[in-house]
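[1] Here is a sequence with its predicted model. Questions after.
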Amino acid sequence: MVGENDVRLLCWNVNGLRAISRKFGGVAKFLDSLEADIVCIQETKLARSELDRDLALVDGWESFFSFCTTKTGYSGVATFCRKGICVPLTCGASLHNSSLRVDALEAVDLEEIAELDSEGRFLATDHGEFVLINVYAPAITSEEKVEERMDFKLRWYKALKAYTDALVECGRNVILVGDFNVSPYPIDHCDPCSKAQFFERPDRAFFHSMLVENKGNFCDVFRKRNPHRKKAFTCWSQASGARVNNYGTRIDMVLAAEGRGGPGGNAHFLQSFVDADIWSDKEGSDHAPVFAKMNFGKPLQTSDTPPTGSSRWLFPGKQRSLDHWVKTGCRVNVGMKVSDEPCTQKKTGKRRLEEPPSRPGGIKRKKTQLGLDCFLKRTKSSSGGPSIPPPSVGDLPQPKQGNECDSEETKSQVKDREESVAAWKGIFDKMKPPLCRGHSERCVIREVKKQGDNKGRLFFVCARPAGPPPIGRCNFFQWRNNRTIIGGSYNGSDEKTYK
């Protein structure tokens with residue numbers, strides 16, 4: 001139920017903005033289905049050159065994008081704000097050169113900031129009552145680049161923390177939303193290790209330093225309202241089908257920090273959050289949307305004119321594409337007049353288009369191609385004798401009746417066919433996957449993707465989606481060529497080395 005002055009904020013990693021907009025029939029229908037006033041999107045997978053009017057300009061919305069400049073189809077964030085309710089006053093897509101005028105990173109090298117900004121993971125919008133920061137934190141998806149990406153992730157987190165700390169110190173309320181690619185507590189992970197090991201990861205330890213329980217500035221709004229809720233996950237592995245068993249992690253969050261004094265500070269800012277939850281059954285991505293509802297007792301300060309950085313300024317004017325005119329049935333002038341009437345000969349004395357040009361001297365070309373009728377007609381013999389009729393059906397050789405067939409030959413053919421079927425059946429039986437020991441069900445075949453001696457090798461694992469036992473995938477593992485396993489049984493990933 002929406003009350004007066006309620007503002008609904010929704011955050012979703014959509015795994016490709018174009019892909020999810022097609023699933024919903026366009027960006028406008030996609031946004032309307034979310035029933036929110038501010039929509040923060042992560043992993044848009046759009047380069048600046050790939051952004052078009054249909055994605056950026058949506059009736060009733062202002063949009064803001066941050067693009068990855070190092071590769072295409074990677075990373076990127078976007079924020080959509082409903083007109084008349086929450087159009088921001090300013091916006092910025094850089095940790096250093098934001099129009100928010102927060103010079104929080106004086107000690108950080110500008111070249112390093114440019115590197116951190118290059119993947120399009122940060123977007124800030126100023127809504128007066130608060131500063132909204134939409135982020136997509138770096139992930140570590142390759143074992144070969146763990147050290148490199150962990151270093152980048154920690155440097156990115158440190159820059160983000162310095163930026164948000166400076167905002168809080170100067171009295172600004174901050175809402176930090178996005179995909180943080182780290183689960184904060186053991187309760188937020190489907191298969192956590194021991195508590196001591198859980199917090200040993202450097203990125204998780206640094207993320208914890210940003211939270212209020214560790215003397216940081218930010219409050220996890222969802223956990224504040226639902227401190228003991230279990231299995232509240234927002235991300236699941238698509239490869240293992242883990243969403244079926246709700247076997248995932250909570251890495252998408254809404255965090256809030258109150259400004260410390262100053263003109264923009266609000267001692268009751270956290271109390272403005274009247275709801276926060278996970279939209280678990282909303283499908284379309286490998287993530288679920290998370291949302292928060294706020295009420296400040298008055299309407300948000302909004303701008304009638306979108307600020308610099310709005311996508312509206314990337315597509316000025318009212319230029320229409322050719323698709324627009326074709327879809328609306330309008331005529332297009334491209335140097336010649338288009339008429340809806342069929343082509344007819346005009347009274348200009350010119351030759352009609354349907355008439356072929358005459359040959360020189362007025363000689364018309366004779367038809368030489370024969371019709372099918374010519375071949376079906378009876379013709380006289382070349383000697384002038386009577387015509388030769390076609391053979392009748394009775395003159396054609398007739399197949400032997402069943403009792404005329406060679407019985408010995410038939411038995412031999414039947415025997416050969418049965419032997420062939422039995423041979424193929426034996427081959428297919430050998431090709432069947434083995435039964436897993438946990439459920440006695442047929443396994444599925446997988447391929448090793450990890451770099452190493454075993455890359456490209458095939459192996460069998462339990463066919464069930466990942467999940468807790470006994471309903472989830474068991475730890476059955478077998479090489480296709482029955483090589484022995486060194487290092488233990490398969491645990492649902494390629495983390496072990498098999499030789």
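    Structure received. Numbering: from 1, shown residues only.
[2] Next one: the residue nearest to F218 when sequence neighbours are not counted relative to K450, how far apart?
    Excluding the flanking residues, the one nearest F218 by Cβ to Cβ, 6 or more residues apart in numbering is L255, at 4.0 Å. Where C-beta positions appear, they are placed from N, C-alpha and C, glycine not excepted. To K450, L255 is 34 Å away according to Cβ to Cβ, to the nearest Å.
[3] just checking, C40 touches I175?
    No. Counting by Cβ atoms under 8 Å, C40 stays clear of I175, with 9.4 Å between them.
[4] out of those two, which sits in the busier spot?
    C40 (31 against 26; other Cβ atoms under 10 Å).
[5] Now do the contacts for that one.
    Residues near C40 by Cβ atoms under 8 Å, 6 or more residues apart in numbering: 9-12, 77-79, 132, 134, 177-178.
[6] tell me the phi and psi of it?
    The phi/psi pair for C40 (degrees, to the nearest 10) reads phi -110, psi 120.
[7] What's opposite it in the beta bridge?
    Using DSSP bridges, the bridge partners assigned to C40 are C11, T79.
[8] Got the confidence number for it?
    The score at C40 is 98. That number is its pLDDT.
[9] what do you get for N266?
    pLDDT at N266 comes out at 60.
[10] Can you show me the helices along the stretch 51-200 of the chain?
    In the stretch 51-200 of the chain, the helices defined using DSSP state H, counting those that start in this stretch lie at 53-56, 110-117, 146-169, 195-198.
[11] I'd like the average pLDDT over the longest one.
    In other words, helix 146-169. pLDDT averaged over helix 146-169 gives 93.
[12] Give the buried residues for that helix.
    For helix 146-169, a neighbour-count test (16 or more other Cβ atoms under 10 Å) marks 149, 152-153, 155-157, 159-168 as buried.
[13] Can you pull out the low-pLDDT segments for this protein?
    1-2, 97-108, 144, 261-267, 317-409, 429-430, 482-499 (pLDDT under 70).
[14] Once you drop chain neighbours, what's closest to the spatially most central residue of it?
    By Cα atoms, centre = their mean, the chain has its centre lying nearest to N15, at 3.0 Å. Nearest non-adjacent residue to N15, counting by Cβ to Cβ, 6+ apart: S285, 4.6 Å away.
[15] cool, and V212?
    V212's closest residue in space is C219 (Cβ to Cβ, 6+ apart), at 5.2 Å.
[16] Are we agreed that the one you found is in a strand?
    Yes. Counting by DSSP: H, G, I helix; E, B strand; the rest coil, one finds C219 located in a strand.
[17] Make sure it is actually in contact with F269.
    No. Look at C219 against F269 with Cβ under 8 Å: they stay out of range, at 9.7 Å.
[18] where do the contact lists of the two overlap?
    Contact criterion Cβ under 8 Å, 6+ apart; residues bridging C219 and F269 by contacting each: A256.
[19] Now for the spatially closest residue to V135 that is not a sequence neighbour, how many residues are close by?
    Residue nearest to V135 in three dimensions, not counting chain neighbours: G178, with 3.8 Å by Cβ to Cβ, 6+ apart. Residues within reach of G178, counting by other Cβ under 10 Å, total 27.
[20] from the buried residues of helix 146-169, which single one is nearest A114?
    A159 (11.3 Å; Cβ to Cβ).
[21] what's near enough to touch the residue nearest to V135?
    11, 13, 40, 42, 77, 133-137, 252-253.
[22] Who does it form a beta bridge with?
    V135, M253.
[23] separation between it and E115?
    On the measure of Cβ to Cβ, G178 and E115 end up 19 Å apart.
[24] cool, V182 as well?
    Distance, V182 to E115, using Cβ to Cβ: 21 Å.
[25] Return every residue with contacts to both of C40 and I175.
    Common neighbours of C40 and I175 (Cβ under 8 Å, 6+ apart) are 9, 132.
[26] Let me see the ranges of the helices in the stretch 201-350 of the chain.
    202-208, 221-225, 322-328.
[27] got the buried residues for the second one?
    Neighbour counts over helix 221-225 (16+ other Cβ under 10 Å) mark 221-223 as buried.
[28] who does it touch, helix- and strand-wise?
    Packing partners of helix 221-225 (3 or more Cβ pairs under 8 Å, 6 or more residues apart in numbering; DSSP states H and E): strand 252-257, strand 273-278, strand 290-295.
[29] how far away is T410 from N295?
    For T410, the distance to N295 - Cβ to Cβ - is 87 Å.
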